[in-house]
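1. Using only what follows, build the 3D model:
(chains A and B)
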There are 2 protein chains.
Amino acid sequence: MTTIDLTTLGQNAQTASFALSDLTAPQKNTVLQRMADALLTHQDTILAANAHDLANPQVPAKFVDRLRLTPERIHAMATGLRQVAALPDPIGNVDHAWRNAAGLLIAKQRVPLGVIGMIFEARPNVTVDASALCFKTGNAVILRGGKEALQSNLALVTILRDALTAAQVDSNAIQLLQDTSHETAAKFMQLTDYIDVLIPRGSARLIQAVLRQATVPVIETGAGNCHVYVDADAELQMATAIVVNGKVQRPAVCNATEKLLIHQAVAADFLPTIVHALRAQGVEVRGDAATQAIVPDVIPATPDDWGTEYNALIIAIKVVPSETAAIQHINHYNTQHSEAIVTNNYRAGKLFQRRVNAACVYINASTRFTDGFEFGFGAEIGISTQKLHARGPMGLAELTSYKYVIDGDGQVRA
Amino acid sequence: MTTIDLTTLGQNAQTASFALSDLTAPQKNTVLQRMADALLTHQDTILAANAHDLANPQVPAKFVDRLRLTPERIHAMATGLRQVAALPDPIGNVDHAWRNAAGLLIAKQRVPLGVIGMIFEARPNVTVDASALCFKTGNAVILRGGKEALQSNLALVTILRDALTAAQVDSNAIQLLQDTSHETAAKFMQLTDYIDVLIPRGSARLIQAVLRQATVPVIETGAGNCHVYVDADAELQMATAIVVNGKVQRPAVCNATEKLLIHQAVAADFLPTIVHALRAQGVEVRGDAATQAIVPDVIPATPDDWGTEYNALIIAIKVVPSETAAIQHINHYNTQHSEAIVTNNYRAGKLFQRRVNAACVYINASTRFTDGFEFGFGAEIGISTQKLHARGPMGLAELTSYKYVIDGDGQVRA
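-> Down below sits the predicted model:
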């Protein structure tokens, strides 16, 4: 691959995307299997390129773990490709079809989105993951990964493109933006003639930067300031299990529980137990005045706490006078990701599900289930926190659009 | 209504949108009927406000017809409200539900988008139309109409809001942006904290301005550079009917046929007939060199013709060597709206439907059928020409999003 200008990159992707719509599912699956084989065959090349990236003294220490590739991680990438190959292909399926008043047969048929721009940080696994999901759904992809991973990404993309070429598929179905400057990234986000959608994946800062600069439609992903509300009618043992699981099972991810709201009727009973249980797992507990009144040694929460996604072993607790107050607090501070109520009251549970503005609203379950694999999608390109197009975990179906294919026999409009 | 700042407008809309999600379909339908009654009751107020707008000497002459209201047009608005009331309400419906491996019951349920920003030109009927469709789907709407229609829009929105208040519904479900300056419009398009989606409706210039300035997600609508391709295996009589209907039945609208591509094998047979038929309807016919060779007196087409949406009684004709050339031409110049092939060849028809990149792809029918009413949706807020979220005619379903409501009994993630 040589460095090419953005317009050429876009044109190449669009041309490739048209050809992809002709591939059958077995053809695509064969290519995905060959890609998996090729990653294993060329493991040494990938590791050498990765070592080159890691040797760069400018790579921040916190990036090193996510950037580092090992034989195990390359094996996991290959397994991921084979898993995507095994999933059903949504392209060409008809959601529904009907005959209109004029006698036309109108079918709403799943088609690729076209060209997807993926913008992500220094995680080489996203390069393979996103390429697989986009290719399976007949989309051409342009990858713009973090500059720290450039050599790793180049090695991976070269291997994936070679597998496309070997299968006589246009290798421009997968392209890497090699110029990782901010100026070029900004132009990339405005390539409306060629890119159908941008999917940023990474930190809140990255996503906000894309939203600010892009003119291409964006699917916003990832930020999760998730709450558990323990209702007056909650089973407190269940509530403890759900809060602890949500907070500690994997604190760095977007579906981790960040805030705990407790109905005042059960606060005195529940607070000592849950604070003890959380602290036993190493969680730093912050609380509002009412929480401090019951558990005096919690760290006082500040107004900033309610809107913060910690991604760490920290939780902030607030005592609320009613379910309505809990819902209002959540709808004010949340990121529309995942929210849970613990209750045995039917009306309270259903009200919470109806009024809370979020992609996933749970009764009596951990927020940690918001995940394409847990949902049974078999894959995940990200978790949408916007309402347009896709909301919540995005699998293969969410990487498709539709067209109406209409069969007539000479109809004209009266 | 008094003029309020944008943030307050946004907050009001969001607060109203949360309350709307509690309304049942019968409650919403009753309000829509009351709105219809109120428009008729207050007809004189509306006409007086409209006369005020029309008296403004700065209103461009071409805007006068679309701006003018009459008793008949007010009656049509009221009828439109009643038609929306009669449609099924998509909100709360479950697309599908399943039990996952952990035993959670996950239901994908239709919910409102939230707050919709409508940006449109001096057409007061859009004020009523958009308000009805947004309210029916539980969305709060902020209307930003053309400045030429401000008094008409104020009168209409006041009547609609009074009907909301009378039914004890938060009147901020429908708000009008009264400051019609470009500066305020630009800020309005960036109100990401409160507006979930922007739908511009109007000229290509308006839509491009919104796409350029907005940071709120936009649904692009309207532009239609639509083609009919007459294949080597076309029934030429059918082709004539389809081309003439597409071009002349209503030339100013986005689904009108703008371009005619003819396979060279039938060009000599078909061209004299179709040019004659089009001219008989007052159509100006332009053609490429091959067309000129067969019908010498057509106006020579210039390169600019192929990308132009005329919205007028003009057509440009090109003779193509193959179906593949036709598809390539269409995918290069079209606006992804509506495209048609006339053919009796099964393979040619299906190839065209698969490869042409457009919202609606017809075999043997007029492009004029791309319309929410013709599709059987019973209503239409616009025709999307993008691939994200909605494509083609947008009815009530396209004004919804979804959430996952998940019922558990204490599940935590292993």
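2. So A:Gln336 is in contact with A:Thr385, correct?
-> Yes - between A:Gln336 and A:Thr385 there is a contact at 4.9 Å, judged by Cβ atoms under 8 Å. Just so you know, the C-beta spots here come from the backbone N, C-alpha and C atoms, and that holds for glycine as well.
3. any shared contact partners between those two?
-> A:359, A:391 (Cβ atoms under 8 Å, 6 or more residues apart in numbering or on different chains).
4. average pLDDT across stretch A:113-123?
-> Mean per-residue pLDDT for stretch A:113-123: 95.
5. try stretch A:99-107
-> So the average pLDDT for stretch A:99-107 ends up being 97.
6. Tell me which residues touch the residue in the stretch 251-400 of chain A that chain B sits nearest to, please.
-> Closest residue of the stretch 251-400 of chain A to chain B, Cβ to the nearest Cβ: A:Ala365 (3.0 Å). Residues near A:Ala365 by Cβ under 8 Å, 6+ apart: A:242, A:340, B:102, B:104, B:406-412.
7. Skipping adjacent residues, who's closest to it in space?
-> Among residues not flanking A:Ala365 along the chain, B:Gly408 sits closest, at 3.0 Å (Cβ to Cβ, 6 or more residues apart in numbering or on different chains).
8. can you tell me which strand in chain A is longest?
-> strand A:400-411 (DSSP state E).
9. neighbouring strands for that one, and are they parallel or not?
-> Next to strand A:400-411 in the sheet, as set by DSSP bridges, lie strand A:105-112 (antiparallel), strand B:360-365 (parallel).
10. And the shortest one, how far out from the chain middle?
-> Using Cα atoms, centre = their mean, to the nearest Å, the mean C-alpha position of strand B:360-365 is found 19 Å from that of the whole chain.
11. pLDDT of the helix or strand following that strand, averaged?
-> Remark: after strand B:360-365, the chain's next helix or strand is strand B:382-384, criterion DSSP states H and E. Throughout strand B:382-384, pLDDT has a mean value of 94.
12. thinking again about what came up before, please report how far the residue nearest to A:Ala365 lies from B:Gly103.
-> Per Cβ to Cβ, to the nearest Å, B:Gly408 is found 7 Å from B:Gly103.
13. Report whether the lowest-mean-pLDDT helix or strand in chain A contacts chain B.
-> Sorting the helices and strands of chain A by mean pLDDT, DSSP states H and E puts helix A:204-213 at the bottom, at a mean of 88. Yes - interface with chain B: helix A:204-213 contributes A:211-212 (Cβ under 8 Å from any Cβ of the partner chain).
14. Contacts for stretch A:228-239, please.
-> Contacts for stretch A:228-239 (Cβ under 8 Å, 6+ apart): A:242-243, A:246, A:257, A:259-263, A:265-266, A:269-270, A:273-274, A:320, A:323, A:326-327, A:330, A:339-345, A:348, A:352, A:364, A:367, B:410.
15. Just the ones of those residues in helices?
-> A:242-243, A:246, A:265-266, A:269-270, A:273-274, A:323, A:326-327, A:330, A:348, A:352 (DSSP state H).
16. Now the buried members of the residues you listed.
-> For the ones in helices among the contacts of stretch A:228-239, a neighbour count by 16 or more other Cβ atoms under 10 Å in any protein chain shown gives the buried set as A:242-243, A:246, A:266, A:270, A:274, A:323, A:326-327, A:330, A:348, A:352.
17. got the residues of the stretch 1-150 of chain A near chain B?
-> A:18, A:21-22, A:98, A:100-102, A:104, A:106, A:113-114.
18. backbone phi and psi for the residue nearest to A:Leu176 when sequence neighbours are not counted, please?
-> Leaving out its chain neighbours, the residue that sits closest to A:Leu176 by Cβ to Cβ, 6+ apart is A:Val157, at 4.3 Å. Phi and psi for A:Val157, reported as degrees, to the nearest 10, are phi -70, psi -40.
19. Next, count neighbours for A:Val157.
-> A:Val157: 23 surrounding residues under other Cβ atoms under 10 Å in any protein chain shown.
20. quick revisit: from the chain's centre, how far out is the least confident helix or strand of chain A? Work that out for me.
-> Worked out by Cα atoms, centre = their mean, helix A:204-213 lies 15 Å from the chain centre.
21. Same check on stretch A:252-269?
-> 24 Å.
22. which stretches of chain A form helices?
-> Going by DSSP H, chain A shows helices at A:6-20, A:25-41, A:43-54, A:64-67, A:71-86, A:124-136, A:150-166, A:182-188, A:204-213, A:236-248, A:264-280, A:289-294, A:323-333, A:346-355.
23. now the shortest one: mean pLDDT?
-> The reference is to helix A:64-67. 92.
24. which of the helices of chain A is buried the deepest?
-> Sort the helices of chain A by mean neighbour count, taking mean count of other Cβ atoms under 10 Å in any protein chain shown, and helix A:124-136 sits at the top with a mean of 25.
25. Output the contacting helices and strands for it.
-> helix A:25-41, helix A:71-86, strand A:115-120, strand A:140-144, helix A:150-166, strand A:174-176, strand A:197-201 (3 or more Cβ pairs under 8 Å, 6 or more residues apart in numbering or on different chains; DSSP states H and E).
26. Mind doing that once more with 6 Å?
-> The helices and strands touching helix A:124-136, judged by 3 or more Cβ pairs under 6 Å, 6 or more residues apart in numbering or on different chains; DSSP states H and E, are helix A:71-86, strand A:115-120, strand A:140-144, helix A:150-166.
27. and the first one, average pLDDT?
-> Confidence over helix A:71-86 (mean pLDDT, whole number) is 96.
28. for that helix, the distance to its chain's centre please.
-> 18 Å.
29. And for the last one?
-> Its chain's C-alpha centre and that of helix A:150-166 lie 23 Å apart, by Cα atoms, centre = their mean.
30. Stretch A:96-110 too?
-> 33 Å.
31. Only the buried residues of that stretch, if you could.
-> Quick answer for stretch A:96-110 (16+ other Cβ under 10 Å): A:100, A:102, A:104, A:106-110.
32. Tell me which two of these sit farthest apart.
-> Distance extremes for the buried residues of stretch A:96-110: the farthest pair is A:Ala102 and A:Arg110 at 24.4 Å, using Cβ to Cβ.
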